[in-house]
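Student: Got a predicted structure plus its sequence, pasted below:
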Amino acid sequence: MLAITPDLAARFEVILGRHRLTYVRSSEEAMRALEGRYGLVILSVDFDESQMFSLLGDIRLHSAYRKVPILCVLGTSTRRPMSDVTVEGLDHAVKAMRANGFLDLQHFPDDESGNARIARIVDFLIMIDGDLQHIARSTAEVEVPVERRRAAS
């Protein structure tokens, strides 16, 4: 499901064209659409008059979407100037609200290479079902021998 601003629709059509895409135009429409089953939700920061945070929280409260991958994106074409600190704050905020990732599209050129990079990120989130914790668990289960030595006196 794509809850993105209209200026991003054409780009995500190119990036995700091989997937079944459902676009929503408002937070209310997005909540109704959650009765369907989606393997990934993409939200843009400026969606529905900047309601992304509210919608992100509502989606995570929905019983069927507690673990579905959510990717938040910051668009470029209608973007008002933002400092790096503001963008970093957005990144931390969406992750604190349990989104699985945040992409500032300014760092991904709207060309074959940049769009392919975004497609790989999306495919990865779908493949692992948004569960980045399984990576941490698998490495935590491997015991690494630790050699302890006394400091020379």
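Tutor: Structure's in. What do you need?
Student: what ranges do the strands span in the protein?
Tutor: 2-3, 41-44, 70-74, 101-104 (DSSP state E).
Student: Kindly reformat the ones you listed as CSV containing mean pLDDT, distance to D110 and mean neighbour count.
Tutor: The way it works is simple: take the backbone N, C-alpha and C, and place the C-beta from them, glycine included. Putting the strands of the chain into CSV (pLDDT from 0 to 100; distance: least, Cβ to Cβ, whole Å; neighbours: other Cβ atoms under 10 Å) gives the following:
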stretch, mean pLDDT, distance to D110, mean neighbour count
strand 2-3, 96, 16, 26
strand 41-44, 96, 14, 26
strand 70-74, 95, 12, 24
strand 101-104, 93, 13, 19
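Student: Which among these is found nearest to T22?
Tutor: Ranking these by proximity to T22 (Cβ to Cβ) places strand 2-3 first, at 6.8 Å.
Student: which helices and strands does the closest one pack with?
Tutor: Secondary-structure packing of strand 2-3 (3 or more Cβ pairs under 8 Å, 6 or more residues apart in numbering; DSSP states H and E): helix 6-16, strand 41-44.
Student: re the thing from before, export the strands of the chain to TSV and tack on distance to I118?
Tutor: Compiled in TSV, the strands of the chain are given as follows (distance: least, Cβ to Cβ, whole Å):
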stretch	distance to I118
strand 2-3	13
strand 41-44	10
strand 70-74	9
strand 101-104	7
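Student: among those, which is nearest M31?
Tutor: strand 2-3 (10.0 Å).
Student: just the helices in the protein please.
Tutor: Assigned by DSSP state H, the helices in the chain fall at 6-16, 27-33, 47-50, 52-61, 84-96, 112-127, 133-140.
Student: Pull out the buried positions in the fourth one.
Tutor: What it means is helix 52-61. Going by neighbour count (16 or more other Cβ atoms under 10 Å), the buried part of helix 52-61 is M52, F53, L55, L56, I59, R60.
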